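>>> Give me the fold of what follows.
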Amino acid sequence: MRECFEVRDYDGAGRIGELDVPRADVTVETPALLPVVNPHVRTIEPGELEAEFGAEILITNAYSIYGSEEYREDALEQGLHDLYDFSGAIMTDSGSFQLSEYGSIDVDTEEILQFQHDIGSDIGTPVDIPTPPDVPREQAEEELTTTQERLELAETVDTGEMLVNAPIQGSTYADLRESAAEHAYGTSLDVFPVGAVVPLLNNYRFADVVDLVAASKRGLGEDAPVHLFGAGHPMMFALAVAMGCDLFDSAAYALYARDDRYLTVRGTEHLEDLDYFPCECPVCASHTPDDLDAKNALERERLLAEHNLHVTYGEMRRIKQAIRRGNLLELVETRARGHPTMLSGYRALVDHAEQLEATDPVAKEAFFYLSTESADRPEVHRHHDRLARLSPEGEILLSEGDTNEAYDETWRVVPPFGPFPRDLSDVYPLNAEIPERLDARAYEQAAEGVRRLAEGNPDAAFTLAYHDWPETALAAVPDSVSTFQLGVEEGDWD
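Numbers count the residues shown, from 1 in each chain. Below you'll find the predicted structure:
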């Protein structure tokens, strides 16, 4: 059991947790954003990140400081917290990013971990190998072996109270990611970043990211804090949190501002394309796009960076509130409609519904059916599993209409859940808000519920009374279940 991380609330695999960072003597509430602070170019000063935006944790590059004549000695003498005027937790990277960009670095794991400890880092990182997506499997396996050797080496370095990351690599091979996660979790290291996903994010391959996170999560325990390295755009935070990620680092707020790009939860806009700001943050409330365009480059960059941070932190707060209320997946569905590739990511998410169901609360405020993907949510799978445990006897009418005394019992049938005893009509999630015009997938899932109930109770006699079910759903109803259409064969009971 890892003592540094404790989960407080769940929704799906999303969670609110507490990451204890002993060296900084702080507790970081997750999910949390780690703004990237470039030691050489500080668009927003770390102290302002803390005071104005509520940053509890940030990340900076120890390798850049290590090789800097300007900052190395100051960092060793003062420590990062004094150098950055920041009292929260500070995570440092090891140079693996430079390794992925330039092919080599002139430091090894032992030396850079010791250096991170010496400059006062609270969470350090060994030198892993960030294997890119889609490489040959042989390369992925070879580089993963090197990363695992370095994680084991990191365990031997005396880092005191400094927490240490155990990056999970494996390219785009889900089985390698899962085994890498199992290996990392078996070490004594503390935080588990899913690495080398930036190329996937840059190419909007959100479904692939979801699959790799899902594989990594299968290899980790629930007490493992998960960091999605390089994921800094607010449009995908809800999706990644729903899959079980806890930490995100973002340089996007500054890098995008430098290019006059404006972040939203639906994507990125160029300042020159905006006539109005679709935001209520202090920057947008007091400026127009023309105002910002007229400012000098540095002032415009700073104001855009502030807006980008407001949007980013605002989305994190929105996600936490959604977890508390139990409607995180509704938020994900809303975000998924912002971009076709986000929709692909959400569909990949519900493909892992059984994995999400393991930690999804059994009771929440409400279930809103918002799209065809709602039919595959964890709550529907859970209901189907429970149907197999019920033991009705005699002749059972499964009806979208009213009760009928000719049968021993009349159960309700509500897409996408399927059948259930009428006494459970007000119980979550069977009290779901469902649109009048449903898609075929909702009925197909209801038919799956009928199948599970009938096959689990072969001695009972089931009859399904339906309204306008599509042929694909009716074809899935087992032959052992009699069927008739309400209003056609037995009269309209509504």
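>>> domain ranges for this structure?
Structural domains annotated on the chain: 5-351, 370-485, as defined by automatic domain parsing.
>>> among the ones you listed, which is nearest E357?
Among the domains of the chain, the nearest to E357 by CB to CB is domain 370-485 (3.7 Å). Every residue, glycine included, has its C-beta placed from N, CA and C.
>>> Now do that closest one: distance to the chain's middle.
31 Å (CA atoms, centre = their mean, to the nearest Å).
>>> do the same with stretch 90-99
On CA atoms, centre = their mean, the centre of stretch 90-99 falls 22 Å from that of its chain.
>>> Just the residues contacting that stretch, thanks.
24, 34, 57-63, 66, 80-81, 84, 105, 107, 109, 112-113, 116, 119-130, 165, 167, 195, 249 (CB atoms under 8 Å, 6 or more residues apart in numbering).
>>> ok but E161 is inside a helix, no?
No: read with DSSP: H, G, I helix; E, B strand; the rest coil, E161 is coil and lies in no helix.
>>> you'd agree it is up against D20?
No: using CB atoms under 8 Å, E161 is not in contact with D20, being 10.5 Å away.
>>> Show me which of the two is the more surrounded one.
In this view E161 and D20 are compared by other CB atoms under 10 Å, and D20 has more residues nearby, 17 against 11.
>>> Now tabulate the domains of the chain in JSON lines and tack on distance to A358 and mean pLDDT.
Listed next are the domains of the chain as JSON lines, based on distance: least, CB to CB, whole Å; pLDDT from 0 to 100:
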{"stretch": "domain 5-351", "distance to A358": "8", "mean pLDDT": "95"}
{"stretch": "domain 370-485", "distance to A358": "9", "mean pLDDT": "94"}
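>>> Distance to K364 for those - can I get that in CSV?
Shown next, in CSV, are the domains of the chain (distance: least, CB to CB, whole Å):
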stretch, distance to K364
domain 5-351, 3
domain 370-485, 6
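>>> looking at those, which is closest to V362?
domain 370-485 (7.4 Å).
>>> Quick one: end-to-end length of that closest one, please.
End-to-end distance for domain 370-485: 26 Å, by CA to CA, to the nearest Å.
>>> For E315, see how far away the residue nearest to the spatial centre of the chain is.
Closest residue to the average C-alpha location of the chain: A240 at 1.8 Å, with CA atoms, centre = their mean. Look at A240 and E315: by CB to CB, to the nearest Å, they are 11 Å apart.
>>> One more: H383?
For H383 relative to E315 (CB to CB), the value is 31 Å.
>>> These two: which is more packed in?
E315 (24 against 21).
>>> which residues touch the more buried one?
E315 neighbours (CB under 8 Å, 6+ apart): P234, F237, A238, V265.
>>> A196 against S171, yeah?
Yes: with contacts counted by CB under 8 Å, A196 reaches S171, the gap being 7.1 Å.
>>> Most tightly packed of the domains of the chain?
For the domains of the chain, average neighbour numbers computed from mean count of other CB atoms under 10 Å are highest in domain 5-351, which has a mean of 20.
>>> how long is it end to end?
28 Å.
>>> Ok, stretch 46-61 next?
14 Å.
>>> moving C-terminal of the longest helix along the chain, what's the next helix or strand?
Looking across the chain with DSSP state H, the single longest helix is helix 297-325. Next helix or strand after helix 297-325 toward the C-terminus (DSSP states H and E): helix 328-336.
>>> so after that following helix, what's the next helix or strand?
helix 340-351.
>>> So what touches that following helix?
With CB under 8 Å, 6+ apart, helix 340-351 has contacts from 204-211, 235-236, 239, 242-243, 332-333, 335-337, 356, 373, 376-377.
>>> and after that helix, which helix or strand comes next?
Past helix 340-351, the next helix or strand by DSSP H and E is helix 353-357.
>>> Can you list the helices and strands that that following helix packs against?
helix 206-218, helix 378-387 (3 or more CB pairs under 8 Å, 6 or more residues apart in numbering; DSSP states H and E).
>>> if we go to 10 Å?
helix 206-218, helix 237-243, helix 340-351, helix 378-387 (3 or more CB pairs under 10 Å, 6 or more residues apart in numbering; DSSP states H and E).
>>> re the thing from before, let's have the contacts of E315 in a markdown table, adding distance to D9.
What follows is the contacts of E315, written out as a markdown table (distance: CB to CB, whole Å):
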| residue | distance to D9 |
| --- | --- |
| P234 | 21 |
| F237 | 17 |
| A238 | 15 |
| V265 | 22 |
